[in-house]
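Colleague: Any chance you can model this:
(one chain, ligands or ions: 2)
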Amino acid sequence: MTVRRDLHQLSIHADARAMIERAREEGIETVWDRLAAQEPQCGYCSLGLSCRNCSMGPCRIDPFGEGPQKGVCGADADTIVARNLDRTIAAGASAHSDHGRDILEVFAWTAEGKTTGYELRDPDKLHALATEHDIALDGRPDKDIARDLASALMEDFGSRKDHVSFAERAPEKRAALWKKVGIMPRGIDRENVEMLHRTHMGVDNDYVNILLHGLRTSLSDGWGGSMIATELSDVMFGTPKPNMSQVNLGVLKKESVNIALHGHNPLLSDVIVQAAEDPELVALAKQKGADGINLVGLCCTGNELQMRKGIPMAGNHLMQELVLITGALDAMVVDYQCIMPAIVDVAKCFHTVVISTADKAKFPGASHISFDPRRGIEIGKEIVRKGIEAYENRNPDRVRIPGEPVKMMAGFSVEAILGALGGTPAPLVDAIAKGSIRGAVAVVGCNNPKVPQDYGHVTLTQRLIENDILVLVTGCAAVANGKAGQMVPEGAKLAGQGLGAVCQALSIPPVLHMGSCVDNARILVLAAALAKHLGVDIDQLPLAGAAPEWYSEKAVSIGAYVVASGIYTVLGVQPPIFGSKNVVGLLAGGLDDVVGASFAVEPDPEKAAVLIRRHIEEKRKALGLPFIEPSSIHPPGHAQAAE
Ligand code: SF4
Ligand code: SF4
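Modeller: Ligands and ions are numbered 1, 2, ... in the order given. Model prediction:
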């Protein structure tokens, strides 16, 4: 028999709890029910000690030392744990990089005039990227420049270069270190394929060697596939600028056709925004009795739309079933990644139509409309029309939209941040040097039903900002902090005196929304800009990363490339590595001597905040900046660091 947890153990948000309660009343199964049904989960897998890489297995290593200590082939715990982790990194890096390739292909087709609904909306960024790649501008048409840039970036996926082109953005010392250690990413596809090769039975059995290639694979994501996705999305859809938006289930409108855009890739959602403004479709919605068409976002497709267009955000990962349970959603349009197959079953309890669009991501039971960017706007209109038709089937008596939306600010691209600072990182560096901002932390990643939804993100962020640490957020962490009211300029009052004063002077929140998961690449670019400005390497800066509620393989790749880039990172959910003391020792300390940064695992966000603050103070001391003795950093709690 499964035990149902109290609603407050499932989510910190009232809108989520109201919908989980409704699901329980109406017998609708959600992610929390399915997690409970899986418990207790497999101990071998949780420790990373099971292997099914070949059919001599599956094999398991006994963590207590009484049973088998080797798989059938002779692989020990170190090899098996390292191989499993690295296959996870490869899956995450591949997901981001395939997203990047999809954007790149459409960028190339747009340059060739073969698409509908796409433009090169940021010519300044196009020209800057072209110059970075030694492509002549010379007054040439933008489409010609874009064609050359697309061709140059296509090479980054192959194996004809000795490094991916954006690796040149890293500080010289970092790039030299990657070369010395042998982890400079050479080609995006190459590193991922080599990872699968190395982890085949009988190839790489040295856990150190395996894990180093894991770092190289992750770097091909952060400084390769993800960075390509972000940069070209900016050229095609516009580089984000700060804008005010809204968040939570209250963004749904009782009187409107509600269409949620879920997944990751802005290619589809951008044309749907255009289609939803089509006068004929707006008239059709009105003819069916609605007052208009209301688009809302979910997960990272939502982040892409909110960053660039201020489209309201319905929620993060664990809200995808709950938004359906409002009974107010007419269509959920999905592309790929982080979309639970369960949404199709939940949608069947209501009138909602689930529309899958990517031929590489089909969902049994969903309506599939194959998205072809060469007919982007036409297909966008077809999808919106389907949402309007579904609205006719909505039962108003089944509609329950909980609460009112919360305001949040989005749109902090590196260009926007540097723009707000007068075009140079100097004011930020000065504020860090004086101690009014003690450092910066990227709080990123997912929800995981093993953690009360958003508790980790919001608590950690609160503790950091009240101690004058600027927080940069992406992905589901951004949605969490937006819902908690920490992402508006008035949020300055939640920050410590130093950070609060800087935020007030610039009219910005103490928690800056830098975008979707691929947009973690923006954080790398910002870190590199700060390091270059100071003439140091990234690992010398008072920076840290955190993924308090991560679940996905992509998050593992992100964590790995952040550490490999020199940034200490704290994970809130235990990764499946604790079956090997050697692997844990390398990742949680040994890497300091290799790449100048390592991981920590701390499920309690209060304690994670203390770890991060200590780390930041140590980095400040090493740089000769005003410093707080680590012993005077308060234990978990709400205390603010004394100057
Ligand atoms: S690779 Fe080795 S440990 Fe893994 S399943 Fe095959 S025999 Fe077992
Ligand atoms: S943060 Fe995690 S759950 Fe959220 S959209 Fe990104 S990968 Fe998916």
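Colleague: residues touching the closest residue to Ser356 other than its chain neighbours, list them.
Modeller: Ranked by Cβ to Cβ, 6 or more residues apart in numbering and with sequence neighbours excluded, the top spatial neighbour of Ser356 is Ala366, at 4.4 Å. For every residue, glycine as well, the C-beta is placed using N, CA and C. Neighbouring residues of Ala366 by Cβ atoms under 8 Å, 6 or more residues apart in numbering: 334, 344, 354-356.
Colleague: Could you tell me which helix of the chain is the longest one?
Modeller: Looking across the chain with DSSP state H, the single longest helix is helix 77-111.
Colleague: quick one: average pLDDT of the helix or strand just after that one?
Modeller: With elements assigned by DSSP states H and E, the helix or strand that comes after helix 77-111 is helix 123-132. The average pLDDT for helix 123-132 rounds to 98.
Colleague: Tell me which helix or strand the residue of the stretch 251-400 of the chain found nearest ligand 1 sits in.
Modeller: Closest residue of the stretch 251-400 of the chain to ligand 1, Cβ to the nearest ligand atom: Pro341 (26.9 Å). Secondary structure from DSSP H and E places Pro341 outside every helix and strand.
Colleague: What parts of this structure come near ligand 1?
Modeller: The interface of the chain toward ligand 1, taken as Cβ under 6 Å from any ligand atom, is made up of 51-54, 56-59, 71-73, 75, 80, 201.
Colleague: could you redo the last one with a cut-off of 5 Å?
Modeller: 51, 53-54, 56-57, 59, 71-73, 75, 201 (Cβ under 5 Å from any ligand atom).
Colleague: Spell out which residues of the stretch 501-643 of the chain are next to ligand 2.
Modeller: When proximity is defined by Cβ under 5 Å from any ligand atom, the stretch 501-643 of the chain lies next to ligand 2 at 517, 552, 554.
Colleague: Show me which of those residues is closest to Ser218.
Modeller: When these are ranked by distance to Ser218 (Cβ to Cβ), Lys554 comes first, at 10.2 Å.
Colleague: returning to that earlier point: what is the burial count for the residue of the stretch 251-400 of the chain closest to ligand 1?
Modeller: Pro341 has 10 neighbours, counted by other Cβ atoms under 10 Å.
Colleague: and it, what does it touch?
Modeller: Residues near Pro341 by Cβ under 8 Å, 6+ apart: 363-364.
Colleague: Quick check: the gap between it and ligand 2.
Modeller: Applying Cβ to the nearest ligand atom, to the nearest Å, the value for Pro341 to ligand 2 is 15 Å.
Colleague: Repeat that for Lys125.
Modeller: Going from Lys125 to ligand 2 by Cβ to the nearest ligand atom gives 23 Å.
Colleague: give me the element Val441 is part of.
Modeller: Per DSSP H and E: Val441 is located in strand 439-443.
Colleague: contacts for that strand?
Modeller: By Cβ under 8 Å, 6+ apart, strand 439-443 touches 432, 457, 460-461, 464, 469-474, 477, 481, 514, 520, 523, 541-548, 562, 567, 612, 616, 619-620.
Colleague: For the next helix or strand after it, list the C-alpha coordinates in PDB.
Modeller: Remark: after strand 439-443, the chain's next helix or strand is helix 455-465, criterion DSSP H and E. In PDB, the C-alpha atoms belonging to helix 455-465 read as follows (Å, rounded to 0.1, in the frame of the first residue of the first chain):
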ATOM      1  CA  TYR A 455      11.500  24.500  -1.700                       C
ATOM      2  CA  GLY A 456      15.100  24.000  -2.600                       C
ATOM      3  CA  HIS A 457      15.200  26.700  -5.200                       C
ATOM      4  CA  VAL A 458      13.400  29.300  -3.200                       C
ATOM      5  CA  THR A 459      15.100  28.700   0.200                       C
ATOM      6  CA  LEU A 460      18.600  28.600  -1.200                       C
ATOM      7  CA  THR A 461      18.000  31.800  -3.300                       C
ATOM      8  CA  GLN A 462      16.600  33.600  -0.300                       C
ATOM      9  CA  ARG A 463      19.600  32.800   1.900                       C
ATOM     10  CA  LEU A 464      22.000  33.900  -0.800                       C
ATOM     11  CA  ILE A 465      20.400  37.200  -1.700                       C
END
